[in-house]
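J.: take this sequence and fold it.
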Amino acid sequence: MTPLIEEHALVGDLHTAALIHRRGSVTFTCFPDFDSPAAFASLVGTPEHGSWDLCPTAPYAQVRRRYLPGTLVLETTWTTHGGQARVLDFMPTRPPGSGNPQLIRIVQGVRGEVPMSSRMLIRFAYGKITPRLVRHPHQFGGDRYAALAGPDSLYLDASTPLSEHADGNVEATFLCRPGEQQVLALSWQPSHLPAPPRPDPAAALASTLSFWSDWSARSTYTGPYQEAVQRSLIVLKALTYAPTGGMVAAPTTSLPEEIGGVRNWDYRYTWLRDAAIALGVLALSGYLEEAAAWRDWLARAVAGDPATVQIMYSIKGDRDLPESTLPHLPGYEGSWPVRVGNGAAHQPQLDVFGEVLDAFHLAEEAGLAPCDDAFALQSALLTQVETRWHLPDAGIWEGRGPVRHFVHSKVMGWVAADRMVRRIESGRATGPLESWRKLRDAIHADVCAQGYDPVRNTFTQSYGSTALDASLLLIPLVGFLPPDDKRVIGTIEAIQRELSTGDDGLILRYRTKGDETGGDGLAGDEGAFLACSFWLVEALTMIGRTTEATALFEKLLAEEYDCVARRQLGNFPQAFSHFGLVAGALRLASGEKTAARDEALGLDTAA
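T.: Numbers count the residues shown, from 1 in each chain. Sure thing, here's the model as predicted:
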């Protein structure tokens, strides 16, 4: 059976990442970078498209997993009738541009005896290319196999003997006892270079633990959801490409939004919107170094021509992301096509200007030093808003239908102007203040006149539409209207009624039309989008419903960590969901402080 998406864990080295299923199988990994072709692609295919299994040979083994505190080192504990063994999975961190990616798996005996098996099948180019296997016995014990094909090579080092099977699998079987350990380490190398040195697993583990522990200690969040916030911040860091500072939306491609459907997209790129929101979250959590790196990435990606700014780029800043399909892969549970590249890269999405300028604003408010070059870029971006805000666009959700006047896009145009006005008013810069004030006021008036339904007391997805959209929850969050405005409260309540999936508190992005092609130009449906529910947490907090917001937030955390009864859909893990979690925790902390202050003053905080 296809492994459930939510039963995977992430390990990574800030260049690429691997997904490891709870039963010990590496099901998706790209080498050497996030957006490189996968060498293990069974998650969107079958085991024959590449996988690496490491587990006990006993048929009834219990498994328990956790991350070592404050790190991205995954610990899996296997318990069988005969004993207990522990596996540590990690990808050693390294300075940008140095070394090669490695995936190391250390198996340690805890008690008794546990027979273990490692079985690896490498298939380059998303499972399409079978490599040539070459054995390289080590002089000082252990074993090594090299898998070579075209520009790629992978070297599997093992402290125990390896054997090659006719089907291309490289296997090791060994007995795990207390005080003993076996190591299996996979290293990528360009195939034209000499074989890499054998990894030092002890040193690699120590340096990786030290890196993540030191990084986690820099967080300034001290609220009640410390563990969940820390874990989400680590995931966001892990999705960042260290050489450039760009952040992928997710490390996978084509995990479906609907099982068996066609809403399958490649998320291994840097969306300006996602990275900008994540930048603000990281900055507010004390990570200004990441904020500065992202600001530098943006300046390089835009390359001096904001008129041609795209909504997404490659992690290196490339603009050309042609979308194609991989017909040899059947897709996750038959969800086809499997796509590489993303055709939405050239869509007009006017909201990104607001997200980018808001991110710069939040980063500087959090302490990032102003930069003259960055302000020049921001001014140029606002000029684009001034020129284009009145035009229709494709909207935040990248549908493949006709362009429309999306309310969220207009609101974010207002945000772009507002943040620049604030900067000038604060004395941190100079610019055409009155002109930008007029721009801000014009967008605000237009949205309130054309994007609001006075009969239903709610803002709508687009001008002239009756549909709702979860992105409308951002209206109070970005300051477009105060949280006590009746139009804000009406919109929040309408979204709770009309976009809720039921009693679980999850929120849809918008309503789809099943087999009928909807307004987004796509047939089929999709699951709830977790980030939207975290927006609802923030919105409820802002209108004074802190108790309701807290209950929803804690329910979302429970479903995030215990997915027995529900299924995760879509690319995994998604940055959007994790910075939604952090933002929700930060907002709740702020709301609780406000509620405590109001109670001390004898004010009525009930909404």
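J.: just the CA coordinates of stretch 319-330, formatted as PDB?
T.: Only the C-alpha atoms of stretch 319-330 are listed here, as PDB (Å, rounded to 0.1, in the frame of the first residue of the first chain):
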ATOM      1  CA  ARG A 319      13.000  32.600 -13.900                       C
ATOM      2  CA  ASP A 320      12.400  29.800 -16.300                       C
ATOM      3  CA  LEU A 321      10.400  27.000 -14.700                       C
ATOM      4  CA  PRO A 322       8.700  25.100 -17.600                       C
ATOM      5  CA  GLU A 323       6.000  22.700 -16.500                       C
ATOM      6  CA  SER A 324       6.000  19.200 -17.800                       C
ATOM      7  CA  THR A 325       4.700  15.800 -16.800                       C
ATOM      8  CA  LEU A 326       6.400  12.400 -16.000                       C
ATOM      9  CA  PRO A 327       4.300   9.800 -17.800                       C
ATOM     10  CA  HIS A 328       6.400   6.900 -16.400                       C
ATOM     11  CA  LEU A 329       5.200   7.700 -12.800                       C
ATOM     12  CA  PRO A 330       1.600   6.700 -11.800                       C
END
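J.: neighbouring contacts of it?
T.: Residues from elsewhere that reach stretch 319-330 (Cβ atoms under 8 Å, 6 or more residues apart in numbering): 41, 44-46, 49, 126-128, 266, 269, 310, 312-314, 336-343, 345. Every C-beta, even on glycine, is put in place using the N, C-alpha and C of the backbone.
J.: now stretch 346-356: average pLDDT?
T.: What stretch 346-356 shows for mean pLDDT is 91.
J.: report the buried residues of that stretch.
T.: Within stretch 346-356, the residues that count as buried by 16 or more other Cβ atoms under 10 Å are Gln347, Gln349, Leu350, Asp351, Val352, Phe353, Gly354, Glu355, Val356.
J.: does the fourth one touch Ala394 like I think?
T.: Read that as Asp351. No: applying Cβ atoms under 8 Å, one finds Asp351 not in contact with Ala394, separated by 9.9 Å.
J.: show me where the stretch 451-600 of the chain dips below the pLDDT cut-off.
T.: Applying pLDDT under 70 to the stretch 451-600 of the chain picks out residues 503, 513-521, 523-525, 527, 558-566, 592-600.
J.: repeat that for 50
T.: Regions of the stretch 451-600 of the chain meeting the criterion pLDDT under 50 cover residues 560-565, 595-600.
J.: can you give me the helices in it?
T.: Secondary structure of the stretch 451-600 of the chain (DSSP state H, counting those that start in this stretch): helices located at 474-477, 486-498, 530-542, 546-561, 575-600.
J.: so which of those helices is nearest Asp296?
T.: For these, proximity to Asp296 was assessed by Cβ to Cβ; helix 575-600 is nearest, at 18.8 Å.
J.: for Ala301, helix, strand, or coil?
T.: Under DSSP: H, G, I helix; E, B strand; the rest coil, Ala301 falls in the helix class.
J.: run through the residues that contact it.
T.: By Cβ under 8 Å, 6+ apart, the contact list for Ala301 reads Gly246, Thr270, Gln310, Tyr313, Gly317.
J.: in a markdown table, list those along with distance to Leu121, neighbour count and secondary structure.
T.: Shown next, in a markdown table, are the contacts of Ala301 (distance: Cβ to Cβ, whole Å; neighbours: other Cβ atoms under 10 Å; DSSP: H, G, I helix; E, B strand; the rest coil):
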| residue | distance to Leu121 | neighbour count | secondary structure |
| --- | --- | --- | --- |
| Gly246 | 31 | 26 | coil |
| Thr270 | 31 | 31 | strand |
| Gln310 | 37 | 20 | coil |
| Tyr313 | 33 | 26 | strand |
| Gly317 | 34 | 17 | coil |
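J.: between these, which sits nearest Asp453?
T.: Checking the contacts of Ala301 one by one against Asp453 (Cβ to Cβ), the nearest turns out to be Gln310, at 32.7 Å.
J.: of the contacts of Ala301, which pair is most distant in space?
T.: Top of the distance list for those (Cβ to Cβ): Gly246 and Gln310, 12.8 Å.
J.: where along the protein do the helices fall?
T.: Along the chain, counting by DSSP state H, helices occupy 124-127, 201-216, 226-238, 272-284, 288-302, 351-365, 372-388, 407-425, 433-450, 474-477, 486-498, 530-542, 546-561, 575-600.
J.: got TSV for those, with distance to Thr160 too?
T.: Shown next, in TSV, are these (distance: least, Cβ to Cβ, whole Å):
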stretch	distance to Thr160
helix 124-127	25
helix 201-216	13
helix 226-238	29
helix 272-284	41
helix 288-302	39
helix 351-365	49
helix 372-388	53
helix 407-425	56
helix 433-450	65
helix 474-477	54
helix 486-498	56
helix 530-542	41
helix 546-561	34
helix 575-600	37
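J.: coming back round to it: nearest to Glu258, out of the helices of the stretch 451-600 of the chain?
T.: Comparing these by Cβ to Cβ, helix 530-542 comes nearest, at 15.4 Å.
J.: neighbouring contacts of the closest one?
T.: The list of residues contacting helix 530-542 from outside it, by Cβ under 8 Å, 6+ apart, reads 470-471, 473-474, 476-477, 483, 488, 492, 495-496, 499, 505-509, 546, 548-549, 552-553, 556, 560, 574, 576-577, 579-581, 583-584, 587-588, 590-591.
J.: buried subset of the residues you listed?
T.: Looking at these with 16+ other Cβ under 10 Å, the buried ones turn out to be 470-471, 473-474, 476-477, 483, 488, 492, 495-496, 499, 505-509, 546, 548-549, 552-553, 556, 560, 574, 576-577, 579-581, 583-584, 587-588, 591.
J.: quick one: the nearest residue to Gly451 once chain neighbours are set aside from Asp393, how far?
T.: Spatially, and ignoring its direct neighbours in sequence, Gly451 is nearest to Val407 (3.9 Å; Cβ to Cβ, 6 or more residues apart in numbering). As defined by Cβ to Cβ, to the nearest Å, Val407 lies at a distance of 11 Å from Asp393.
J.: ditto for Asp373
T.: 28 Å.
J.: neighbour count: the two, which is higher?
T.: In terms of neighbours (other Cβ atoms under 10 Å), Asp393 is the more surrounded of Asp373 and Asp393; the figures are 23 against 10.
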